[in-house]
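Q: coordinates only, sequence not included:
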């Protein structure tokens, strides 16, 4: 049996350098960055050093980076913060149909508060058409939020083109949830033309519980978390110093070896996609075949269900994920698979494999050794499979 | 993995009575792939007892375990006894199911009852 982790999309292991950098701030450097006495000095400096590293990763200025505890928090801060700050100018928001639940549900909450939300559809490969964004916008639109890439189906959006359309149409702010892309593919906020951007440390070998919202200079938001003066008064709370130190180091390392990591993982992804489609029948790739995240493989397997696949894979040492209804704690079918037109029965056969820097070709080949028998076994049990 | 009991995992990894019966006396289905679980039961009846029960299931670990457990509980029972099998009985025999999986036990018992109904309505038609 082989221990194979194919769930980098859920979270990534910490790099050794990240752990080493965090340790002093878990032990002797325990001070509060806001303290005037000497215990605050090193923690304060460490947080600002991390801010600079994260800014550099995305081409931003230091004072445009606001630390949060997660990507979801950054998304909420952007959607609610912009909507509420600008409500006198308008109460209309535009999001895509495949946003992460933290954007979808934040927008839904705004609807309950009297805002209107238009959801832009995507094509069968999950791609947003900039023209559809333009059509969705109104004179009273204050925010457009379109994710950079989907963690469920891997498709990468044409953000720069969408930004042009948004800026050309009105003075609405443009936010992107870049949690799946920052640290893994090049992201430059100037090139993309966004006003706000969310990222999360645990997506690029940094700690859980860390994230950031990029807010372009001169963009005002209504803070979610009021209180003290941390994060220039936009996000109160004593800083998670060890976490942010880890985030900074992870950001620095991610920038340095991003290209090498893509070179390592893209061939593995493509090999896995090719082998899955050719060696098992009735398996279909979801998302765009080539304009997709470097390590992302998402398929639907006909006639069988996702959780059952994950259980049997787990018993064989393979860690993976799924968008099936049963694997969702909320017992809801994936809104992303629905949005790309996968019919619900097929969507329940979703299997999501996300590869990262620890994977090798042996992992791919091992999966292709254990997975076809799992599929056969479950199909033999299925009333939907009329065997060949 | 969801907190499945050992019994559930056993019935999931070693399901009993998987299959179909060619000249089945009754067939019953519940659920559909849209909600994520579907079970089909085939039964054979001799002298008022279930002499054979086979099932096929599309669904998660709990769904497969429930159908397997239902089939095991039903074989050899009289039709009346089999009709009395409830989802609570199934969950109990499996030593508990996570809350959000209890509906799977409903499906299993219902599909079996449908197969029995199918058999009984066949008798009426003669």
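A: Okay, I see it. As the structure is a computational prediction, the values presented were derived from the model and not from experiment.
Q: And the contacts of stretch B:16-26?
A: Under the criterion Cβ atoms under 8 Å, 6 or more residues apart in numbering or on different chains, residues A:380-381, B:40-45, B:52-56, B:68, B:71-72, B:75, B:115-120, B:122 lie in contact with stretch B:16-26. No exception for glycine: its C-beta is placed from N, CA and C like everyone else's.
Q: Mind checking which of those residues are in strands?
A: Residues of the contacts of stretch B:16-26 located in strands (DSSP state E): B:40, B:41, B:42, B:43, B:44, B:45, B:52, B:53, B:54, B:55, B:56.
Q: which pair in those spans the largest distance?
A: B:45 and B:56 (19.0 Å; Cβ to Cβ).
Q: rewinding a little: show me which of the ones in strands among the contacts of stretch B:16-26 are buried.
A: Buried members of those, scored by 16 or more other Cβ atoms under 10 Å in any protein chain shown, are B:40, B:41, B:42, B:43, B:44, B:45, B:52, B:53, B:54, B:55, B:56.
Q: can you narrow these to ones near chain A?
A: For chain A, the contacts drawn from those by Cβ under 8 Å from any Cβ of the partner chain are B:40, B:56.
Q: now, among the buried ones among the ones in strands among the contacts of stretch B:16-26, which is nearest to residue A:18?
A: Residue A:18 has its nearest neighbour among those in residue B:56, at 48.5 Å by Cβ to Cβ.
Q: gap between that closest one and residue A:364?
A: The gap separating residue B:56 from residue A:364 is 31 Å, by Cβ to Cβ, to the nearest Å.
Q: Likewise for residue B:32?
A: 34 Å.
Q: between the two, which one's more packed in?
A: Legend: neighbour count by other Cβ atoms under 10 Å in any protein chain shown for residue B:32 and residue A:364, higher for residue A:364 (25 against 13).
Q: ok, and the more buried one, which helix or strand is that part of?
A: helix A:361-380 (DSSP states H and E).
Q: Just the buried positions in that helix, please.
A: Those buried within helix A:361-380 under the rule 16+ other Cβ under 10 Å are A:363, A:364, A:366, A:367, A:370, A:371, A:374, A:375, A:377, A:378, A:379.
Q: what residues are up against the fifth one?
A: Contacts for residue A:370 (Cβ under 8 Å, 6+ apart) come out as A:313, A:316, A:317, A:318.
Q: can you do 6 Å?
A: By Cβ atoms under 6 Å, 6 or more residues apart in numbering or on different chains, residue A:370 lies in contact with residue A:316.
Q: and the residue of the stretch 151-300 of chain A found nearest chain B, which of the three is it?
A: Closest approach of the stretch 151-300 of chain A to chain B (Cβ to the nearest Cβ) occurs at residue A:300, with a separation of 11.3 Å. At residue A:300, secondary structure determined by DSSP: H, G, I helix; E, B strand; the rest coil is strand.
Q: Okay, domains of chain A per the record?
A: As assigned by automatic domain parsing, chain A contains the domains A:4-11+A:258-380, A:16-253.
Q: ok, and the residue in the stretch 201-350 of chain A that chain B sits nearest to, which helix or strand is that part of?
A: Nearest to chain B, among the residues of the stretch 201-350 of chain A, is residue A:345, at 3.0 Å (Cβ to the nearest Cβ). Taking DSSP H and E as the criterion, residue A:345 maps to helix A:344-347.
Q: For that helix, name the packing helices and strands.
A: In terms of contacts (3 or more Cβ pairs under 6 Å, 6 or more residues apart in numbering or on different chains; DSSP states H and E), helix A:344-347 is packed against no helix or strand at all.
Q: circling back to that earlier point, now the domains of chain A as TSV including mean pLDDT and distance to residue B:84?
A: Listed next are the domains of chain A as TSV, based on pLDDT from 0 to 100; distance: least, Cβ to Cβ, whole Å:
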stretch	mean pLDDT	distance to residue B:84
domain A:4-11+A:258-380	95	28
domain A:16-253	97	42
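Q: Can you tell me which of the ones you listed is nearest to residue B:6?
A: domain A:4-11+A:258-380 (13.4 Å).
Q: Take the closest one and give me the span from its first residue to its final residue.
A: End-to-end span of domain A:4-11+A:258-380 (Cα to Cα, to the nearest Å): 26 Å.
Q: distance between it and the chain's centre?
A: Put simply, domain A:4-11+A:258-380 sits 17 Å off its chain's centre (Cα atoms, centre = their mean, to the nearest Å).
Q: In the chain, mark out all the strands, start to finish.
A: No chain was given, so I picked chain A. A:4-5, A:65-68, A:92-96, A:116-120, A:141-145, A:173-177, A:196-200, A:211-215, A:283-285, A:296-301, A:318-319, A:350-354.
Q: that's the other chain; I wanted chain B
A: Going by DSSP E, chain B shows strands at B:26-32, B:37-46, B:49-58.
Q: if I pick the residue of the stretch 1-150 of chain A found nearest chain B, what's in contact with it?
A: For the stretch 1-150 of chain A and chain B, the shortest gap (Cβ to the nearest Cβ) falls at residue A:7, measuring 12.9 Å. Residues near residue A:7 by Cβ under 6 Å, 6+ apart: A:319, A:320, A:321, A:354.
Q: if we can go back for a sec, out of the buried residues of helix A:361-380, which is nearest to residue A:17?
A: Closest to residue A:17, out of all of those and judged by Cβ to Cβ, is residue A:363, at 23.4 Å.
Q: what about the residue nearest to residue A:292 when sequence neighbours are not counted, distance to residue A:74?
A: Excluding its sequence neighbours, the residue lying closest to residue A:292 (Cβ to Cβ, 6 or more residues apart in numbering or on different chains) is residue A:154, at 3.7 Å. Applying Cβ to Cβ, the value for residue A:154 to residue A:74 is 21 Å.
Q: Also residue A:94?
A: 19 Å.
Q: Which one's more surrounded, these two?
A: residue A:74 (31 against 27).
Q: for chain A, what are the nearby residues on chain B?
A: Within chain B, the positions adjacent to chain A are B:1, B:18, B:33-34, B:36, B:40, B:56-61, B:100 by Cβ under 6 Å from any Cβ of the partner chain.
Q: tell me the two of these that are most distant?
A: Maximum pairwise distance in those, criterion Cβ to Cβ, is 25.8 Å, between B:1 and B:40.
Q: No more questions from me, cheers.
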